[in-house]
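Visitor: okay, sequence plus prediction incoming.
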Amino acid sequence: MFKKLLKSNEILLMILIIGLSILFGFINPSFLTIGNWFNVFRACLVLSIFGIGVLFVTISGGIDVSFMAIAAFSMYVTTKAFIALQWTGSIGVMFLVSTLIGILLGLVNAFFITTFKLPSFIVTLGTQNLFRGALLALVGTMFLVNVPKSMIAFSQAQLFIIKNSDGSTSGLHIGVLIVIALYILATLLLKYTMLGRSMYAIGGDIVAAKRVGINVNLVLGFVYGAAGALAGFAGLMHTALFRMSIPSDLVGNELTVIAAVVLGGANMAEGKGTTLGALLGIVLITIISNSLTLLKIPSYWQQIVMGVIIIVGTSIQSYNQKKRVKGIA
């Protein structure tokens, strides 16, 4: 029983997260304060939503490096349009528009992948540059800071607020509920629907999936459309949380999210992965980043540390998977 638990990727990640939290707490007691954990949860919000889209693509046997560019395009176009409209209504409409833009851009990926049978990495690498270039050349390059009031209200919306020992206050952002809802929906989709099982089947063996009658093109259309939708949604949340929209924002963090999802157990070669694993991978990466900041480690050293952790973590993941394959053989 105990050995089986230790073989569970999710359990190992939980142990690692708890162990690192205790270690960082000894080094800097402020790490374990409730206020800091609220900051960690807030930092996880946008990355966690990206993580669902990356998980969908990965378990379907693909790799998408364009989702940050989709997010940047969707959030910037949406924000600029609603500023021009002098929008005073609900932020929900803005989320809807940004999500729809994300879907359209995601379907562009799906079209090239399914129609021309091109590798997903090559397609999304191309569209990443296409979307980024189109945004900067055709839409704008200026920072948008005079965002609608509904965005500012969203950034300040808290489930509850606590008072810290130094007299300051910290709040748990309402976005936590949105992330929980999205992860529940994603879990139900993957575990209990034919669409979810088809995604796993395509990632495991696309030829076998076709033989049993799965409409591969339709499923992949959903996968990349959903990844685009989640990117568009996450992008607008990023803009709202920071109360500004920067066209060059987010781009460059693709591999961090992909690595976090892989650390969580996702495997494009075998069509494996869980929502819990993806979420724990995101939390682990965020905790490490947060702790390095609290320890006042320079940003360039933070990048080195994060790079080493990602390489070591994914290498261990790959080694364990090879051992399982040999065991089966």
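Guide: The structure has been received and is ready for your questions. This one's a predicted model, so the numbers in the text were calculated from it and none came from an experiment. Numbers count the residues shown, from 1 in each chain.
Visitor: thought N36 was touching G25, still the case?
Guide: No. The pair G25 / N36 is not scored as a contact, 9.6 Å apart, by C-beta atoms under 8 Å. For every residue, glycine as well, the C-beta is placed using N, CA and C.
Visitor: mutual contacts of these two, please.
Guide: Shared contacts of G25 and N36, defined by C-beta atoms under 8 Å, 6 or more residues apart in numbering, are not found at any residue.
Visitor: more neighbours: these two, which one.
Guide: Set side by side, G25 and N36 show more neighbours around N36, with 20 against 15, by other C-beta atoms under 10 Å.
Visitor: just give me the neighbour total for the closest residue to that one other than its chain neighbours.
Guide: Distance criterion C-beta to C-beta, 6 or more residues apart in numbering; nearest residue to N36, sequence neighbours excluded, is S30 at 5.9 Å. Per other C-beta under 10 Å, the neighbour tally for S30 reads 13.
Visitor: now S30. Its backbone dihedrals?
Guide: In terms of degrees, to the nearest 10, the main-chain angles of S30 are phi -70, psi -20.
Visitor: could you number the chain from 38 rather than 1 from now on?
Guide: With the count now opening at 38, the last piece we talked about shows up as S67.
Visitor: what's the spacing between it and S328?
Guide: Separation of S67 from S328 (C-beta to C-beta, to the nearest Å) stands at 10 Å.
Visitor: and V77, how far is that from I295?
Guide: V77 is 21 Å from I295, by C-beta to C-beta.
Visitor: who's more crowded, these two?
Guide: With neighbours defined as other C-beta under 10 Å, V77 and I295 compare such that I295 has more, 25 against 16.
Visitor: please enumerate the helices of this structure.
Guide: Here the chain has its helices, by DSSP state H, at 39-44, 46-64, 71-96, 104-121, 128-152, 157-171, 186-193, 212-229, 231-241, 243-248, 253-279, 291-300, 312-331, 336-365.
Visitor: and the first one, average pLDDT?
Guide: Here the mean pLDDT over helix 39-44 is 55, rounded to a whole number.
Visitor: list the buried residues in stretch 319-335.
Guide: Of all the residues in stretch 319-335, those buried under the rule 16 or more other C-beta atoms under 10 Å are I319, V320, L321, I322, T323, I324, I325, S326, N327, S328, L329.
Visitor: so what's the residue count around the closest residue to the third one other than its chain neighbours?
Guide: Spelled out, that is L321. Once flanking residues are discounted, L321 sits nearest to I54: 5.5 Å by C-beta to C-beta, 6+ apart. Using other C-beta under 10 Å, I54 has 16 other residues around it.
Visitor: my guess is I54 contacts I324, does it?
Guide: Yes. Using C-beta under 8 Å, I54 is in contact with I324, at 6.3 Å.
Visitor: where does this structure dip in pLDDT?
Guide: Across the chain, the ranges flagged by pLDDT under 70 are 38-44, 354, 357-358, 360-366.
Visitor: count the neighbours of R79 for me.
Guide: 19.
Visitor: for the closest residue to it other than its chain neighbours, give me its contacts.
Guide: Ranked by C-beta to C-beta, 6+ apart and with sequence neighbours excluded, the top spatial neighbour of R79 is H210, at 5.0 Å. Contacts for H210 (C-beta under 8 Å, 6+ apart) come out as F75, F78, R79, L82, A194, Q195, L196, L278.
Visitor: out of those residues, which end up buried?
Guide: Applying 16+ other C-beta under 10 Å to the contacts of H210 flags F75, F78, R79, L82, Q195, L278 as buried.
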